[in-house]
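Student: Generate coordinates for the sequence data below:
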Amino acid sequence: MLIKIFSFFRFTIIFICLVLTGHGTSAQKLTNNLEQQYQKYKPGSIRRMMITGKYAQALFFNKQENKALAILNENIAYAKKETDGKYAAYLYTVAAINYKLLDNVKASENASRLAQFYELKTKDQETKGYVAYGLGWICARNNKEAEAIRYFLKALSFYEKSTNSESLNGRKASVYRELNSIYADWNEYELQEKYSKLSLEIALQQNDPMGLFEAYMAMGYVYEKRYESTENKTFIRSAESYYIKAIDTYNANKTRMPIPSHLSFVAINLANLYLNYFPKSYKGKALYYANLAKAQGIATENHDHVASASGLLAEIALQNGNNKEAKDYLLTALAESEYSNDTNPQIKLAIFENLSQLFQNENNFKEAIFYQKKYIETFKQIYDQKNAALGKKLEVQYEREKQKQQLLRLQLASQKQEQQLKEMSWQSLRQAQKLENLELTKENQLRKLKFTEIENSKKAQELRLSQLESFNRKQEVDLYKERISYKEKINTFYIGLTASVSLLLVLLLYAYFQRTKGIRQKEKLHLLEMEKMTQSSKISNLTLMLKGQEQERERIARDLHDGLGSLLSGTKMNLFLLKDKSKDEDQPQIERSMAQIDIAVDELRRVAHNLMPDLLLKYGLQETLTEYVSRMATPKLDIDVQFLYYTNQLPPESQLLVYRIVQELVNNAVKHAVAEQIIIQFIENESDYVIIAEDDGKGFDTSILNHLHSAGFHNIRSRVEFLKGTMQIESQINIGTNIEIKFPK
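Tutor: Okay, here's the model as predicted:
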C-alpha cells in the first residue's frame, strides 16, 4: 500500500506560502506604479517620504536591494530634519526589516534603535504601532517568538488608538498574519483561529481577493489540524467549506490573482481531505481536485505541486487496484521532484519504496533493485540528517518552551487582579514545565528506540537487496554468454561495412563541395563583371549627356550674343539717329523704346552668361557664383553664397558641374519655394567637398519626391552622380528646405 506522506509535503508548502506571499498586483507592475508615484513628488516632501517605504520594499523584493537602500538613506536624511519624528521612525523601521532580510544583523539592530529613538519624538499612534511591528518581525526571524508576540500585541494596542487611515487595516492584517504564523508553529489552534478570522474580516472589509484567498486557506488549515487532534466531524466540514471558498474566490478573480499556482495549492489540500478523511464515496471528488492540481501545476511549471498531485493520484489508483496507472503516477512524481530543490526527502523515500515494491510484484527484479538502492541511499541521508538535527531540535524545543513560559509571564504580569491567584498560576506553570521536561526526556528515549528499530529495518532491507542482486547477477551471466558469441560473429562484418560506407560518403561530400565552390566563384566573378560594365556604361552616358548639354548651351549663348545682341544694338543705334531728326513730341516715346532695348540687352547678356559663364573660365568658381547670386537677388529675395576653406583646386569641369548644380538649386527655390532668404555654402574638407543649400520657403513632403517627374531634380541628381557624390534632402512644410551634397576630391 502506498505510504501517505504527500499531505505532509502539502501542508508545509501551503503554510509557508500563505505566510510569506503578499497581495496586490505583480511585483514588477507594483514597482513601476510606485516609481511613478515616487517621481511625482519633489525631494524632501512629506508625500515622497511616505511613499518611500512601499517603493523601497517593492524594489527589495524585485531584486534591486542596492537601489532600495540608496533611496531609503536619501529620504531618511530629509526625514531627520522634520520636527515630527514619525517619518524617520517609519523609514528606519523599513530599513531594519530590509537589513534583516540581507542578514546584516548589525545594520538591522542599529536601524531598529534609531527607529525607537525617533518614535519617542512623535505622538502618531500608527507610527508607534508600525515600529513595534518591525521589532516583532525581526524577533520572530531570530527565533524569539515570545518577545515577538509582545511587540505584536503592543503594535495592535497602538493601532486601536490610531485614527482611521488608508494604511491602518493593511498594517493590522500584517500583524494578524505574523501572530497566526507563530501560533500555528506552537500548535495553538484556538489562537491561530482567532487571528485567521480577524484577517478574514479585514479582507472582507477591503474586498481584497488575495487577502480573502489567504484567509480562507488559513481557516481551512486550522480546522483540518483541529480535526486531526479531535476527530470532530464539524471541523472537517468547516475545513472543506473554507477550501471550497478559496477555490471559488480564485475562479471569480483570476485576473486579479498574481500567483496562478495558488489554485494548485488549495486543490491539493482539498483532494487530500477527501481522500483521507471522507468516506470512499468522495473518491471521485478527490480524483477531480488531484487532476485539477496536476493540470494547474503543469501550467504554472510548479514541479512540487505536480509531484504532490501525482502522489495523490497514485494512491487513488492503488485503491482502485490499478497498479500500472499507480506506477506511472509515481514515476511522474519522481520526475517532477527531481526538477525541484525543495522537495521533502520523505516523499522521495516513499516513491522509491513503492516503486521497488511494484516492480518486484511484476517480477522486474532489475528495476526493483535499482529503486531499492535509491531507497537505501535516501534513507541513509535522512538518517544522518536526523541524527545531526536531533540535538538541535531538542534544544529548539526547549528554547521554545522557555519562550512560551516568558509569554505566560507577560500575560500574567498584565493581569493586576488577585495576587494570590497569580502565585497559584505560577506554581501550576512550574509543575507543568517540569512535566513537559519529563515528557521531552521520555520523547528523547523513544526516539533513540525508534532509531534502533530503523537500524534493524535497514539491515533487513540490505539483506533483501543482496538476495535480489545475486539472483539478478545469475540471470545477467546467462544472457551475457548467449549474446557474446553472436556479437563476435557480426562485429567484423559491421566494422568493415561501416568503414567502407564512411569512406565513400566522405569522398562524395568532398567532390560535391569542391564543385559547388567552383560554381559559386564563377557566378560571383560574372556578376562583378556585369556590374562593372553597367557602371562604365552609365558613366559614359552621363559624360556624353553633360558634354552635349554644355556644348549646346555654349552654341545657344554664342548665337544669342552674336545674332540677337547685334540686332538689338543696331536697333538702338537707329533709334538714336532717329531721335535727332524726330519732333519734340516723339522724343519721350523714342527714349522709352531705347530704355526697353537696354533692358532687353541686359536680359540677353544675363541669359547668355547663365548658359555659358565666361567668369568661370577667367576667374573661377567663387567669383562666378558670387556674381551669379548678386544678379539673382532682389529686394524681396536675399541670396548669400559662402566659401569655407576653399583652395580653388577644383578642376574646371567639376567647377562647371558645381555651378550648374547651384543654378538649379537657386532656380528651384525661386520658382517653387517662395523663399525670402537662400544661403549657399561651399565647403572644402580634407577628402571631399560639401554643397549646402538652405531656404526658408514653404517646403514640401520628401516622401513623394521619388514620384515627381521634376527635370530640375533629375539634372541635379545626374550631375551629383557624375561627381560620384551623394545628396540628402530635408524639408518641412512652412519651415523650409535643407539640401546637402557631398562628393569626393
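Student: okay, CA-based contacts and neighbour counts for the rest of this
Tutor: OK.
Student: gap between the regular element (helix or strand) spanning residue 526 and the chain center?
Tutor: Taking DSSP states H and E as the definition, residue 526 sits inside helix 419-559. Centroid displacement of helix 419-559 relative to its chain, using CA atoms, centre = their mean, to the nearest Å, is 25 Å.
Student: quick check: mean pLDDT across it?
Tutor: Across helix 419-559, the average pLDDT comes to 77.
Student: What of stretch 213-227?
Tutor: Mean per-residue pLDDT for stretch 213-227: 86.
Student: And stretch 37-56, by the same measure?
Tutor: In this model, stretch 37-56 carries a mean pLDDT of 86.
Student: Number the residues from 33 up from this point.
Tutor: Okay, using 33 as the starting number, the last item reads as stretch 69-88.
Student: other SSEs contacting the helix holding residue 558?
Tutor: On a contact count with 3 or more CA pairs under 8 Å, 6 or more residues apart in numbering; DSSP states H and E, helix 451-591 meets helix 397-446, helix 619-643, helix 743-754.
Student: By mean pLDDT, show me the worst of these.
Tutor: Here the lowest mean pLDDT among those goes to helix 397-446, at a mean of 62.
Student: Quick check: most distant residue from the centroid of this structure.
Tutor: What lies farthest from the middle of the chain is residue 613; by CA atoms, centre = their mean that is 100.2 Å.
Student: Which per-residue confidence value corresponds to it?
Tutor: Taking residue 613 on its own, its pLDDT is 71.
Student: Next: residue 309.
Tutor: Listed pLDDT for residue 309 reads 91.
Student: Show the contacting residues for residue 122.
Tutor: The neighbours of residue 122, taking CA atoms under 8 Å, 6 or more residues apart in numbering as the test, are 85, 147, 159, 162-163.
Student: Below-threshold pLDDT in the stretch 183-332 of the chain: ranges please.
Tutor: Low-confidence segments of the stretch 183-332 of the chain (pLDDT under 70): 290.
Student: again with the stretch 33-182 of the chain
Tutor: Within the stretch 33-182 of the chain, the segments meeting pLDDT under 70 span 33-62.
Student: Show me the helices in it, by range?
Tutor: Residue ranges of the helices in the stretch 33-182 of the chain, as given by DSSP state H, counting those that start in this stretch, are 38-52, 59-72, 78-93, 97-111, 118-133, 137-151, 157-173, 177-193.
Student: Any chance of those in CSV with distance to residue 533 as columns?
Tutor: Formatted as CSV, those follow (distance: least, CA to CA, whole Å):
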stretch, distance to residue 533
helix 38-52, 56
helix 59-72, 59
helix 78-93, 61
helix 97-111, 62
helix 118-133, 65
helix 137-151, 70
helix 157-173, 69
helix 177-193, 76
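Student: how about these, which one is nearest residue 390?
Tutor: helix 38-52 (18.3 Å; CA to CA).
Student: How about residue 350, nearest residue that isn't a chain neighbour?
Tutor: Counting by CA to CA, 6 or more residues apart in numbering, residue 358 is the residue found nearest to residue 350 once chain neighbours are left out, at 5.9 Å.
Student: likewise residue 682?
Tutor: For residue 682, ignoring the flanking residues on the chain, the nearest one in space by CA to CA, 6+ apart is residue 777 at 7.9 Å.
Student: so what's residue 501 up against?
Tutor: Taking CA under 8 Å, 6+ apart, one finds residue 401 in contact with residue 501.
Student: What separation is there between it and residue 397?
Tutor: Separation of residue 501 from residue 397 (CA to CA, to the nearest Å): 8 Å.
Student: what do you get for residue 233?
Tutor: With distances taken as CA to CA, residue 233 is found 58 Å from residue 397.
Student: Over to residue 743?
Tutor: As for residue 743, its distance to residue 397 is 93 Å (criterion: CA to CA).
Student: quick one: which of the two has more around it?
Tutor: residue 397 (18 against 10; other CA atoms under 10 Å).
Student: the domain parsing of this protein - what is it?
Tutor: Domains of the chain are assigned by automatic domain parsing as 454-606, 651-776.
Student: Rebuild the ones you listed as a markdown table, extending it with distance to residue 316.
Tutor: A markdown table is the format used below for the domains of the chain (distance: least, CA to CA, whole Å):
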| stretch | distance to residue 316 |
| --- | --- |
| domain 454-606 | 36 |
| domain 651-776 | 69 |
